[in-house]
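[1] A predicted structure for the sequence below; I have some questions about it.
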Amino acid sequence: MTVIGFFSRYDEHGFPGGDTVQATAIASFLSQQGYTIHRINFPWSEVGSVDLAVVFNLTRPFEAYLQAQAAVSVGVPYIVFSVYWDLDSLPVRGTFIDAIKSLLPRRVKDFVRLQRLRARYPLSFAVLPETIVGAVKKSQWGHWDAMVQHVLDHALLVIPNSTAELAHLKERFSLTKTSSSVIYNGLNIAHIQHATLPDHVRAQLPERYLCCVGAVGPRKNQLTLVKAAREIGVHLVIVGGAAPGAERYERAVRKAAGPTVHFLGRQSRDVALGVMAESTGHIQPSYIETPGLASLEAAALGRPVGVSNVAPVREYFGDYALYCEPTSQTSVAETLLHLSQSQPQQQLAAYVHEKFSWEHVLLPMTQILADMEFRICRQ
């Protein structure tokens with residue numbers, strides 16, 4: 001019986017995100033297919049007990065790099081769900097401090113990020129197994145792109161969430177040593193369809209509102225969103241707390257919001273689903289998404305969705321969504337206005353149910369693992 005180990009994030013309990021949901025769904029699916037699933041928690045010393053490891057999220061290269069090194073150091077092969085986009089390539093507009101940071105050379109930004117992460121999380125060589133410490137290359141440690149390339153070079157397989165993401169990876173890194181296969185993000189449709197909003201939360205909200213669900217941070221672009229909502233006076237409910245390191249940005253968002261913007265802070269997924277279920281529509285004007293789990297969930301609930309005009313998102317939603325330019329407050333305001341006048345979208349819901357249930361999108365995983373079975377057995 002093949003044992004598959006899923007590396008956990010340092011902060012997934014305090015800051016669960018779309019990658020956490022995806023990893024959990026994939027692990028559950030593979031368990032149903034007869035594989036034994038094991039969670040590999042920090043400091044990842046248990047990795048030697050699995051036959052295949054799974055690394056998630058190359059936008060956190062420091063962590064993906066150390067996880068990959070943990071697997072390589074004990075001879076365990078791994079696959080990578082990349083969940084990747086070069087965030088430094090985006091025209092992100094945040095606070096004044098964010099703008100100053102964007103002007104720094106890439107290597108300086110990498111160093112600053114590493115120091116912040118060391119301060120925020122228990123990321124210390126002192127608590128990592130000696131096998132990992134000995135395998136870390138000083139020329140790569142702290143250099144984001146070098147870390148990503150190293151993870152890609154040693155993976156059995158790289159799995160992006162869209163063909164647009166795969167093309168983006170190929171533009172920035174070499175994949176000559178590694179095969180790839182696109183598997184779309186998905187949803188637990190049955191769970192979503194039972195979404196209800198608790199009475200005590202409903203009492204805090206206006207009768208009719210739009211919503212935005214997701215961690216508050218520069219990439220998600222809530223600052224432009226609340227300014228657009230204030231401009232046209234539409235009621236907007238924001239569900240989510242500050243993303244790690246984005247506390248200053250979150251304060252700026254709250255300060256810029258007008259009286260029609262309502263903040264619920266961090267909520268459980270069930271409450272967030274309930275907010276979406278009773279909304280007039282959902283908007284996610286992020287600078288990049290692949291494609292944005294909350295947007296997929298809102299669409300599955302039949303809510304009209306406003307999303308950013310970026311390649312991975314268009315690959316998922318096609319002609320079913322309203323698109324905005326995330327760099328334009330006017331464009332975001334126009335999308336908000338259209339959403340506020342929209343009706344439930346049952347055709348969109350049917351499309352998402354058919355194309356993006358976990359049972360549908362994960363079917364290729366069975367064949368992928370069967371094809372590489374001889375490679376994931378321990379030598």
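    Here it is on my side, so go on. Numbering: from 1, shown residues only.
[2] can you pull out the strands in the stretch 51-200 of the chain?
    Assigned by DSSP state E, counting those that start in this stretch, the strands in the stretch 51-200 of the chain fall at 52-56, 78-81, 157-159, 179-180.
[3] Leaving out the residues flanking it, which one is nearest to His353?
    Among residues not flanking His353 along the chain, Ile189 sits closest, at 5.4 Å (CB to CB, 6 or more residues apart in numbering). C-beta: built from backbone N, CA, C; applies to glycine.
[4] should've said Glu334
    Cys324 (7.2 Å).
[5] my guess is the one you found meets Pro285, correct?
    Yes - between Cys324 and Pro285 a contact is recorded at 5.4 Å, counting by CB atoms under 8 Å.
[6] what do those two both touch?
    Gly306, Val307, Ser308, Val332, Thr335 (CB atoms under 8 Å, 6 or more residues apart in numbering).
[7] Thought Glu289 was touching the third one, still the case?
    In other words, Ser308. Yes - using CB under 8 Å, Ser308 is in contact with Glu289, at 6.7 Å.
[8] And the furthest pair within the shared contacts of Cys324 and Pro285?
    Val307 and Val332 (11.0 Å; CB to CB).
[9] Return every residue with contacts to both of the two.
    Ile283, Pro285, Cys324.
[10] Tabulate these in a markdown table, adding columns for secondary structure.
    A markdown table is the format used below for those (DSSP: H, G, I helix; E, B strand; the rest coil):
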| residue | secondary structure |
| --- | --- |
| Ile283 | strand |
| Pro285 | coil |
| Cys324 | strand |
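[11] Ile40: which of the residues you listed is nearest?
    Using CB to CB, those come closest to Ile40 at Pro285, 35.3 Å.
[12] What's the separation between Leu264 and Gly217?
    16 Å (CB to CB, to the nearest Å).
[13] coming back round to it: now, of the shared contacts of Val307 and Val332, which are buried?
    For these, a neighbour count by 16 or more other CB atoms under 10 Å gives the buried set as Ile283, Pro285, Cys324.
[14] what residues are up against Val3?
    Val3 neighbours (CB under 8 Å, 6+ apart): Tyr35, Thr36, Ile37, His38, Ser49, Val50, Asp51, Leu52.
[15] now Lys177
    Lys177 neighbours (CB under 8 Å, 6+ apart): Leu152, Asp153.
[16] now it: how far from Ala70?
    Taken as CB to CB, the span from Lys177 to Ala70 is 20 Å.
[17] again, but for Ile192
    For Ile192, the distance to Ala70 - CB to CB - is 34 Å.
[18] neighbour count winner among the two?
    Ala70 (27 against 22; other CB atoms under 10 Å).
[19] Now do Thr330: how many residues are near it, please.
    Thr330 - counted by other CB under 10 Å - has 11 other residues nearby.
[20] Which SSE is immediately downstream of the host helix or strand of it?
    Secondary structure from DSSP states H and E places Thr330 in helix 329-340. Using DSSP H and E, the helix or strand that follows helix 329-340 in sequence is helix 346-355.
[21] now that following helix: mean pLDDT?
    The average pLDDT within helix 346-355 is 95.
[22] for stretch 144-157, same thing?
    Rounded mean pLDDT across stretch 144-157 is 90.
[23] again, but for stretch 371-379
    56.
[24] can you check stretch 64-74 too?
    Rounded mean pLDDT across stretch 64-74 is 89.
[25] re the thing from before, so which bits of the helix holding Thr330 are buried?
    Gln329, Ser331, Val332, Ala333, Glu334, Thr335, Leu336, Leu337, Leu339, Ser340.
[26] what do you get for stretch 218-232?
    218-230.
[27] Farthest-apart pair in those residues, please.
    Arg219 and Arg230 (21.1 Å).
[28] Any stretches of the stretch 201-350 of the chain with poor pLDDT?
    Counting by pLDDT under 70, the stretch 201-350 of the chain has no low-confidence residues at all.
[29] quick one: the helices in it?
    Taking DSSP state H, counting those that start in this stretch, the helices of the stretch 201-350 of the chain run over residues 222-232, 247-256, 269-277, 293-300, 311-317, 329-340, 346-355.
[30] nearest to Val148, of the ones you listed?
    helix 311-317 (17.6 Å).
[31] Give the other helices and strands that that closest one contacts.
    Applying 3 or more CB pairs under 8 Å, 6 or more residues apart in numbering; DSSP states H and E, we find helix 311-317 packed against helix 163-172, helix 293-300, strand 305-308.
[32] Using PDB, list the CA coordinates for that helix.
    Extracted in PDB, the C-alpha atoms of helix 311-317 (Å, rounded to 0.1, in the frame of the first residue of the first chain):
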ATOM      1  CA  ALA A 311      -5.500  34.600 -17.800                       C
ATOM      2  CA  PRO A 312      -6.000  31.900 -15.100                       C
ATOM      3  CA  VAL A 313      -9.400  33.400 -14.000                       C
ATOM      4  CA  ARG A 314     -10.600  33.600 -17.600                       C
ATOM      5  CA  GLU A 315      -9.600  29.900 -18.100                       C
ATOM      6  CA  TYR A 316     -12.100  28.900 -15.400                       C
ATOM      7  CA  PHE A 317     -15.000  31.300 -15.900                       C
END
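[33] now what about it, what contacts it?
    85, 161-165, 167, 184-185, 288-292, 295-296, 299, 305, 307, 321, 323, 356.
[34] how about a cut-off of 10 Å?
    The contact list for helix 311-317, computed with CB atoms under 10 Å, 6 or more residues apart in numbering, reads 85, 160-168, 182, 184-185, 284, 286, 288-292, 295-296, 299, 305, 307-308, 321, 323, 348, 351-352, 355-356.
[35] before we move on, back to that, so which of the helices and strands packed on helix 311-317 is nearest Ala277?
    Here helix 293-300 is closest among these (CB to CB), at 8.6 Å.
[36] what residues are shared contacts of Ser308 and Glu289?
    Contacts common to Ser308 and Glu289, judged by CB under 10 Å, 6+ apart, are Ser295, Pro326.
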